[in-house]
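[1] Show me how the following folds:
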Amino acid sequence: MPFLGLGLHVLIALFFAVHSYRTGQNMYWLFILLAFPLLGSVVYFTVVYLPSTRIDRGAKKVVAAATKVLDPTKELREAKAAFDYTPTAQNQMRLAAATLNAGFAEEAATFYQACLKGPFAEDPEIRYGAAQSLHECQRYDEAVAFLKAIRVDSPGYRPEQVVLLLAGTLAGAGCHHEAEEQFIAAVQQFGSFQTHAEYAIWAVNTGDWETAERLRAEIQESQKRWNRHTRKLNTPMLRRVTTAFNEAVR
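    Residues are numbered from 1 along each chain as shown. Sure thing, here's the model as predicted:
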């Protein structure tokens, strides 16, 4: 039995050694794992392996969500303090994003406009944030300009999110024909649940019930293939779709 236990420790250490090599960890981990199989495995599991797993990432998301609910302005306060202390471009970008996430769209739009001056004038991340904040402010024409600029200058940047935001922004501006073209392109190119859901919500809001019902049927069919994790992840969007249909028939 002692030999069996020793062999198990070695096998576990070898497993972590392979993981260390494949994930490009520092070479000293190999020495620790092979020189001290039991203790090294425990340390490696705690320090390296566990933080890289889905379980840990899920736990971090739960903690982040709980923090946002309990203290929704924490990130905004920290971002503002960081920018006040060190007014760098990076801290300004963080402040703009935190302001938008906190729901202060007008202020966020001002921050993003400031970020777009100088060497970051064509940064797609800043342009996208600016478009989001302008969309929330109902300054649709300005938002459309930023989104179209992203598609021209940075076509590989968040293509699905950009086309959906562009479609929604065009709809807000009253350009329903152009908006529908973007929704159709999004569904055809990506075919994701989100593209179907956003298109369905738009169709309901514009009274296009034939399209809305077709998309809802496709969503319901795709749900049959979801696992529990996917269903939980998509719950907020499903609620939006259900709410849109329920409010439309009242």
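
[2] So which residues of the protein form helices?
    2-22, 28-35, 37-44, 54-70, 74-85, 89-101, 105-115, 124-136, 140-153, 159-172, 176-190, 193-205, 209-223, 228-248 (DSSP state H).

[3] want to throw those helices into TSV with mean neighbour count?
    All C-beta spots, glycine's among them, are computed from the backbone N, C-alpha and C. Shown next, in TSV, are the helices of the chain (neighbours: other C-beta atoms under 10 Å):
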stretch	mean neighbour count
helix 2-22	14
helix 28-35	16
helix 37-44	18
helix 54-70	11
helix 74-85	15
helix 89-101	20
helix 105-115	20
helix 124-136	23
helix 140-153	18
helix 159-172	21
helix 176-190	16
helix 193-205	21
helix 209-223	15
helix 228-248	13
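
[4] can you tell me which of those the model trusts least?
    Note on these: helix 54-70 shows the lowest mean pLDDT, a mean of 48.

[5] Not counting its neighbours along the chain, what's nearest the residue nearest in space to the middle of the chain?
    Nearest to the geometric centre of the chain sits Q161, at 9.3 Å (C-alpha atoms, centre = their mean). Nearest non-adjacent residue to Q161, counting by C-beta to C-beta, 6 or more residues apart in numbering: Y128, 7.4 Å away.

[6] The one you found touches I150, doesn't it?
    Yes: under the criterion of C-beta atoms under 8 Å, Y128 makes contact with I150 at 6.2 Å.

[7] Now for those two: what residues contact both?
    157, 162 (C-beta atoms under 8 Å, 6 or more residues apart in numbering).

[8] show me what contacts I12?
    Contacts of I12 (C-beta under 8 Å, 6+ apart): 37, 41.

[9] G129 versus that one, what's the distance?
    Distance, I12 to G129, by C-beta to C-beta, to the nearest Å: 45 Å.

[10] ok, now L164?
    In terms of C-beta to C-beta, L164 sits 15 Å off from G129.

[11] Over to P155?
    Counting by C-beta to C-beta - P155 and G129 are separated by 18 Å.

[12] same deal with T169?
    T169 is 14 Å from G129, by C-beta to C-beta.

[13] go on, I219?
    Distance from I219 to G129, by C-beta to C-beta: 29 Å.

[14] I figured T169 hits H135, correct?
    Yes: T169 lies in contact with H135 (C-beta under 8 Å); the separation is 5.1 Å.

[15] quick one: common contacting residues for the two?
    Counting by C-beta under 8 Å, 6+ apart, the residues touching both T169 and H135 are A143.

[16] Show me the domain layout of the chain.
    The chain is divided into the following domains under automatic domain parsing: 2-52, 63-157, 158-250.
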